[in-house]
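1. from the sequence below, what's the structure:
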Amino acid sequence: MYPKFVLISRPDSPLVGTFVYGKVWNHKDLVDSLPGYVKVHGGGWYDKDDVRKTITLYGGSGDYGSPELSFLDRIPRELRDYTFIYTPIHGLPGNELDLSEVEWI
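-> Here you go, the predicted model:
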């Protein structure tokens, strides 16, 4: 299983994206685990470092394409103390993402 994420929105709030992550074989497995219909705004892989409290998002989803980071609006509360970094290619320096407007759910 692999560390993957997707950004999804629901029909009742189509412009609000939620970060969904987990260890799965395919990005589609994350989406299939959610109840009801969702719109997927891309996805990718993540590298979670619990010592440095960082999560590096990288790559893209073969199922849903590259992540549309403008839909990174809601993140699970257990990740609140983490710094999120994005890089298109793992191992390259990334950019820290602005989480000042994020809702922690």
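
2. next, give phi and psi for Cys32.
-> Quick fix: residue 32 reads Asp, not Cys. phi -60, psi -20 (degrees, to the nearest 10).

3. can you get me a residue count around it?
-> By other C-beta atoms under 10 Å, the residues close to Asp32 number 9. For glycine as for every other residue, the C-beta is placed from the backbone atoms N, C-alpha and C.

4. what ranges do the helices span in the chain?
-> Using DSSP state H, the helices of the chain run over 27-32.

5. quick one: pLDDT of His90?
-> His90 is assigned 87 on the pLDDT scale.

6. if you could redo that for Gly36, that was the one I meant.
-> We have a pLDDT of 89 for Gly36.

7. quick check: closest non-adjacent residue to it.
-> Arg10 (7.0 Å; C-beta to C-beta, 6 or more residues apart in numbering).

8. report the contact partners of that neighbour.
-> Taking C-beta atoms under 8 Å, 6 or more residues apart in numbering, we find Arg10 in contact with Val16, Thr18, Gly36, Tyr37, Val38, Lys39.

9. identify the bridge partners of the closest residue in space to the fifth one that isn't next to it in sequence.
-> So that's Val38. Leaving out its chain neighbours, the residue that sits closest to Val38 by C-beta to C-beta, 6+ apart is Ile8, at 4.2 Å. Counting by DSSP bridges, Ile8 forms beta bridges with Thr18, Val40.

10. Ile8: neighbour count?
-> Using other C-beta under 10 Å, Ile8 has 23 neighbouring residues.

11. that one contacts Leu34, doesn't it?
-> Yes. The pair Ile8 / Leu34 is scored as a contact, 6.8 Å apart, by C-beta atoms under 8 Å.
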